[in-house]
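In: got a predicted structure plus its sequence, pasted below:
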Amino acid sequence: MKHLLALSGLLASAAVAQDATPTVAQGAQAPGPRVETVASPNGAITVSLTTDGDGRALYSVARGGKTVVNPSRLGFLFTDARKIERGLRIADATRTSRDETWEQPWGEWRTIRSNHNELRVRLMETSALGRVMDVVFRVQDDGVGFRYEFPEQPNLRQANIAEELTEFNFASGGEAFWKPAFLWNREEYLYNRTPINAVGTAATPMTVKLEDGMHVAVHEAALVDYSSMALLRNENANGFKAQLTPGAGEPKVVKAGPFNTPWRTLIIANDAPGLYHSHLMLNLNEPNKLGDVSWVKPGKFVGVWWNMIKGDWTWARGPKHGATNANVRRYIDFAAKNRIPGVLVEGWNVGWDGEWFGNGNDMDFDRPTEDFDADALAAYAKRRGVNLIGHHETGGAVSHYEDQFDSAFKFAADHGERVVKTGYVADAGQLERRMPDGTVKREWHEGQWMSNHHIRVLEAAAKYKVSIDAHEPIKDTGLRRTYPNWMAREGSRGMEYNAWPGKNPPEHEANLVFTRMLEGPMDFTPGVLSLKGSGDSDILSTIAKQLALYVVLYSPVQMAADTPENYAKYPQAFKFIRDVVVDWQDTRVLNGEVGDYVTIARKDRNSDNWFLGAVGDEQPRTAPVTLDFLDEGRTYTAEIYRDGEGADYRTAARHNIAIEKRTVRKGDRLEIPMAPGGGYAVMFRAGRQ
């Protein structure tokens, strides 16, 4: 019975299209369309694929007997050949299954189970061209991934792809949480909350809450040598089609010989926390290609950064230059004193003077400025048990950066930089790509060429045992499994927007958890305890919420973004930043609603301690949690950092914080109120058992 709803939708669609086919003789039985199905290991999710009367391939998805995705088309447009869409027949279908467990070198979970059933359907054109493509579905208990695979064939030796025709037609209306694609500011927009049928062109992940409460997140996995996918409304009431990011040339994607596309992914869950628990995207990526990655080290860092973001210091040389010997030594001392292993320095190199935004051809990544003694500072940091974190801001001059890969990463390694933060500050569609003849073309941040560029960065950095934290990046699609030195990236509005007018609203982080954070780690740069941006402007948060962000917004390289002077003003709250870890054994999302609130608990990979973070929106609320994640028979000291009396993001009371300790055990219940714009953080220190 569980296949019937999905199959009935497919058969109805196929029947509508039969009007164009020859009439069957009276009394004869018309053959039905061939239907291939596959179910998840627990049987809850089913995927079906068939063809309609025009030979269009259609897939649908159901969960628990309810249709989630109505019949949706598959196919391609090319710039120099007939499209692949009509006139297809199912030539073959095969099924396989796999169940294995693998270990992450770092992450939110130490071990990941990959348990899926796979359906591979070969589609063949009935025309004289006879082109073929396989559509491969992998179905886990938490969702579906599918991709196209093209074998070697005489009539498609090179694919010049103008567009994908992949559709996602939701079976009902509901709410969508999305940010716009293809606008000038890349991925750095606030999330909209609209009816599904009011979505514009959306970046992925896009999360929807259907009318029956089911949650679905649409995204992609293993984006390699291909253009990133956005979602464009189509003619269906609640439907979308893929829209690929442009490139500098006419085709959006060029592929030669046999090739695969990235996986198109649908995470499906009863509620918002269920989305976050999915491992679908990681499982769809290839295993580690770098070999021994014991040199990849998670850790916290401080940095010569926030004062530049606020405008008090400059990246460029001059009287307000931030990356001076004196300033960097002071940050090294602060990091060493507080057991923080990293110090980020921006503006240390030649190239920042003048107009560098979108014009970074003067950037030199092995040539420090005169007031930054790289050798002496690296030696000083090493003596104090601290590593510098490098910064490579390309200013959008991507080919210029590639020219320096070897010298840049050698310089980083020679100066003890285990991590380099890269940057691509340029408007969308304005990245510089130098062609072999010397001409310059303009690329998008998420086009095919840039997807390959980021892999080249990872491989060049790995030669020198350097990890990458990418800003203004291509979106995360789980490639940290294949390249574990890709530790984090930005890819959304982070803390820096709180320094400027038009600050992040209180709901922003609760939106991020169930949208952007489904991609993977984000370098949000939390921990601004002063709650002050440029011009002494107020950040729309409480202090307790700033602490909670270290648990809620995951990154293996977490920044303590405020200045040493400001942390000195709030030593009790800063203690949590000192204590919180960044590498986890286990993660549990205890409750949450997209854009409203969330509570997350994580277990330290290297001890029996747990940490918990909860954040809300502009409304005061209490979201009780039961401590079922703690070990049976063990007592814990809960160190609680919560909103203090009268705390409110709209008033000076945003600085009020209450800090207390309780003894707790497994099964105890916490009911901690969150102020408007607030939250709370807890460290559970494991005691006797």
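Out: Perfect, thanks for sending it. On a predicted model such as this, the values are computed, not experimentally measured, just so you know.
In: pretty sure Val254 contacts Ala159?
Out: Yes - between Val254 and Ala159 there is a contact under C-beta atoms under 8 Å: 7.2 Å. Glycine gets a C-beta too; all of them are placed from N, C-alpha and C.
In: of these two, who's got more company?
Out: Between Val254 and Ala159, counted using other C-beta atoms under 10 Å, the more crowded position is Ala159 (23 against 18).
In: now the helices for the stretch 301-450 of the chain?
Out: Counting by DSSP state H, counting those that start in this stretch, the stretch 301-450 of the chain has helices at residues 306-310, 325-337, 374-383, 398-403, 405-414, 448-462.
In: closest one to Thr96 among those helices?
Out: helix 448-462 (27.7 Å; C-beta to C-beta).
In: what's the closest one packed up against?
Out: helix 398-403, helix 405-414, strand 467-470 (3 or more C-beta pairs under 8 Å, 6 or more residues apart in numbering; DSSP states H and E).
In: and the last one, what does it pack onto?
Out: So the one you mean is strand 467-470. Applying 3+ C-beta pairs under 8 Å, 6+ apart, one finds that strand 467-470 contacts strand 419-423, helix 448-462, strand 486-489.
In: name every strand pairing with it and say which way it goes.
Out: Using DSSP bridges, strand 467-470 pairs in its sheet with strand 419-423 (parallel), strand 486-489 (parallel).
In: buried residues in stretch 354-372?
Out: The neighbour-count check on stretch 354-372 (16 or more other C-beta atoms under 10 Å) flags 356, 358-363, 365-366, 368-369, 372 as buried.
In: mind checking which of the helices of the stretch 301-450 of the chain is nearest Gly390?
Out: helix 405-414 (4.6 Å).
In: I'd like the average pLDDT over the closest one.
Out: Averaged over helix 405-414, pLDDT sits at 98.
In: list the helices and strands that helix packs on?
Out: Applying 3+ C-beta pairs under 8 Å, 6+ apart, one finds that helix 405-414 contacts strand 387-393, strand 419-423, helix 448-462.
In: quick one: that helix to strand 419-423, angle?
Out: 140 degrees (axes from the mean of the first three to the mean of the last three C-alpha atoms, to 10 degrees).
In: quick one, helix 405-414 and helix 448-462 angle?
Out: Using the same axes, to 10 degrees: helix 405-414 against helix 448-462 is 40 degrees.
In: buried set for helix 405-414?
Out: Residues 405, 408-413 are the ones in helix 405-414 that count as buried (16+ other C-beta under 10 Å).
In: repeat for stretch 556-574
Out: For stretch 556-574, a neighbour-count test (16+ other C-beta under 10 Å) marks 556-564, 566-567, 570, 573-574 as buried.
In: OK, contacts around the residue most central in space within the chain?
Out: With distances taken as C-alpha atoms, centre = their mean, Glu519 lies nearest the centre of the chain, 2.6 Å away. Counting by C-beta atoms under 8 Å, 6 or more residues apart in numbering, Glu519 makes contact with 205, 219, 281, 475-478, 491.
In: now with 10 Å?
Out: Applying C-beta atoms under 10 Å, 6 or more residues apart in numbering, we find Glu519 in contact with 187, 204-205, 217, 219-221, 281, 475-478, 489, 491-492.
In: over to Glu565?
Out: Glu565 makes contact with 307, 330, 334, 530, according to C-beta under 10 Å, 6+ apart.
In: do I have it right that the second one meets Val304?
Out: Just to be clear, that refers to Arg330. Yes - the criterion here is C-beta atoms under 10 Å, and Arg330 meets it with Val304 at 9.2 Å.
In: who wins on neighbours among the contacts of Glu519?
Out: Result: His219 is most packed of these (other C-beta under 10 Å), 29 neighbours.
In: pretty sure that one sits against Gly478.
Out: Yes - using C-beta under 10 Å, His219 makes contact with Gly478 at a distance of 9.3 Å.
In: what pairs with the helix or strand in which Thr46 is found, parallel or antiparallel?
Out: For Thr46, the host element (DSSP states H and E) is strand 45-51. In the sheet, strand 45-51 lines up against strand 36-39 (antiparallel), strand 57-63 (antiparallel) (DSSP bridges).
In: please compute how far the first one lies from its chain's middle.
Out: Centroid displacement of strand 36-39 relative to its chain, using C-alpha atoms, centre = their mean, to the nearest Å, is 29 Å.
In: same question for stretch 483-497.
Out: Mean-position distance between stretch 483-497 and its chain equals 8 Å (C-alpha atoms, centre = their mean).
In: can I get the CA coordinates of that stretch in PDB?
Out: Taking Å, rounded to 0.1, in the frame of the first residue of the first chain, the C-alpha atoms of stretch 483-497 are listed here in PDB:
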ATOM      1  CA  TYR A 483      38.900  16.800   1.700                       C
ATOM      2  CA  PRO A 484      39.000  16.900   5.500                       C
ATOM      3  CA  ASN A 485      41.200  20.100   5.400                       C
ATOM      4  CA  TRP A 486      38.200  22.100   4.200                       C
ATOM      5  CA  MET A 487      37.300  22.800   7.800                       C
ATOM      6  CA  ALA A 488      34.800  25.700   7.500                       C
ATOM      7  CA  ARG A 489      33.400  28.400   5.400                       C
ATOM      8  CA  GLU A 490      31.200  31.500   5.600                       C
ATOM      9  CA  GLY A 491      28.500  31.400   3.000                       C
ATOM     10  CA  SER A 492      25.800  33.400   4.800                       C
ATOM     11  CA  ARG A 493      25.400  36.500   6.900                       C
ATOM     12  CA  GLY A 494      27.700  36.100   9.900                       C
ATOM     13  CA  MET A 495      28.600  38.300  12.900                       C
ATOM     14  CA  GLU A 496      30.200  41.000  10.800                       C
ATOM     15  CA  TYR A 497      26.800  42.200   9.800                       C
END
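In: quick one: closest of the strands paired with strand 467-470 to His471.
Out: Each of the strands paired with strand 467-470 was scored for nearness to His471 using C-beta to C-beta, and the closest is strand 419-423 (4.6 Å).
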